[in-house]
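Engineer: Fold the following for me, if possible:
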Amino acid sequence: MFTFTAPPLSSMMKFTAPDCLNCTSRKRSLLGCCQTSELEEVSDSKSSFTFKKGQVIFHEGTRPAGLHCINSGKVKVTKMGSDGKEQIIRLVKPGDVVGYRALLADTNYSASAVALDDAVVCFIPKSQFLELIAKNNEFSGGLMKLFSKALGEAEERMVQMAYKPVRERLAEALLLLQKTYQLKEGDNNFTISISREDLASIVGTAKETTIRLLSEFKEENIITTKGSSITILDPDKLYKICHLYD
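Structural biologist: Numbers count the residues shown, from 1 in each chain. The predicted structure follows:
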């Protein structure tokens, strides 16, 4: 069963569902492979929801009933470890789709999706998703590319966690945040608001270690911080740090 945390009623009353044909995120999405008639059908069959920061989009262990496409906002995909600690395994941006692996495998979700900030998420029913795979070769090919990319990223992450020191992993995490959420390439001084707990979950270390290493980066004029916000001043230095032992 599809599980979501309903937004406040006041938010729902003001909410206008995104139209797939005019969606600004569509070109970066798997749905960019769809024809106009297919997009019209998706728009008619889908549902759209708003999620506040921290609200769960779907829970690990529940059964998928469709595909989730991020229209706006930032989302984290998390998995709970045997020690009860959360591990962020993927960062999601507008245009990305989540939950497709469990949907195709016909299994329960192996991870949860949670809003990192206020987000709008569209939900496409399973029947509509499977119809697109069957009828649109470009769509099914794009889905295969997503699987290949996800596998490559998972392999790379395993190597990083096994061999790279925490300082190098933190530098990698900051560059990953920049790569994922920077609006325009080449923009200087990328800034993102992220809790130290979430950053530690990406790195795979303790919150206290993350705070200490951020202070070191700050002293080295690599970053600056203000509250939960982190501004990257010198991405080249971060790149050198994360590739120190390559």
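Engineer: looking at the protein, which helix or strand is least sure?
Structural biologist: When the helices and strands of the chain are compared on mean pLDDT, DSSP states H and E, helix 9-14 comes out lowest with a mean of 38.
Engineer: Following element in sequence after it, please.
Structural biologist: helix 36-45 (DSSP states H and E).
Engineer: Find the centremost residue of this structure, please.
Structural biologist: To find the centre residue of the chain, average its C-alpha atoms and take the closest one (Cα atoms, centre = their mean): that gives V92, at 1.4 Å.
Engineer: pretty sure it contacts Y100?
Structural biologist: No - applying Cβ atoms under 8 Å, one finds V92 not in contact with Y100, separated by 11.9 Å. The C-beta positions use only the backbone N, C-alpha and C, and glycine is treated the same way.
Engineer: any residues in contact with both of the two?
Structural biologist: With contacts defined as Cβ atoms under 8 Å, 6 or more residues apart in numbering, no residue is shared by V92 and Y100.
Engineer: Which residues does the residue nearest to the centre of the chain form beta bridges with?
Structural biologist: Using DSSP bridges, the beta-bridge partners of V92 come out as V75.
Engineer: Roughly how far does it sit from S72?
Structural biologist: Note on V92: its distance to S72, by Cβ to Cβ, to the nearest Å, is 11 Å.
Engineer: ok, R63 touching N108?
Structural biologist: Yes - in this structure R63 lies within contact range of N108 using Cβ under 8 Å: 5.6 Å.
Engineer: how much space is there between the residue of the chain most remote from its centre and R212?
Structural biologist: Relative to the centre of the chain, the most outlying C-alpha is that of E219, 29.7 Å out, by Cα atoms, centre = their mean. If you measure E219 against R212 using Cβ to Cβ, the figure is 11 Å.
Engineer: cool, and R90?
Structural biologist: Separation of R90 from R212 (Cβ to Cβ): 26 Å.
Engineer: And for M144?
Structural biologist: 42 Å.
Engineer: Which one's more surrounded, the two?
Structural biologist: Looking at M144 and R212 with other Cβ atoms under 10 Å, you find the greater number of neighbours at R212, namely 13 against 9.
Engineer: Looks to me like that one is in a strand.
Structural biologist: No - under DSSP: H, G, I helix; E, B strand; the rest coil, R212 falls outside any strand and is assigned helix.
Engineer: Just the pLDDT for it.
Structural biologist: Per-residue confidence (pLDDT) for R212: 97.
Engineer: Name the residues of stretch 237-246 that are buried.
Structural biologist: Buried positions in stretch 237-246, judged by neighbour count with 16 or more other Cβ atoms under 10 Å: 237-238, 241-242.
Engineer: Same check on stretch 147-165?
Structural biologist: If you call a residue buried by 16+ other Cβ under 10 Å, then stretch 147-165 has these buried ones: 157, 160, 164.
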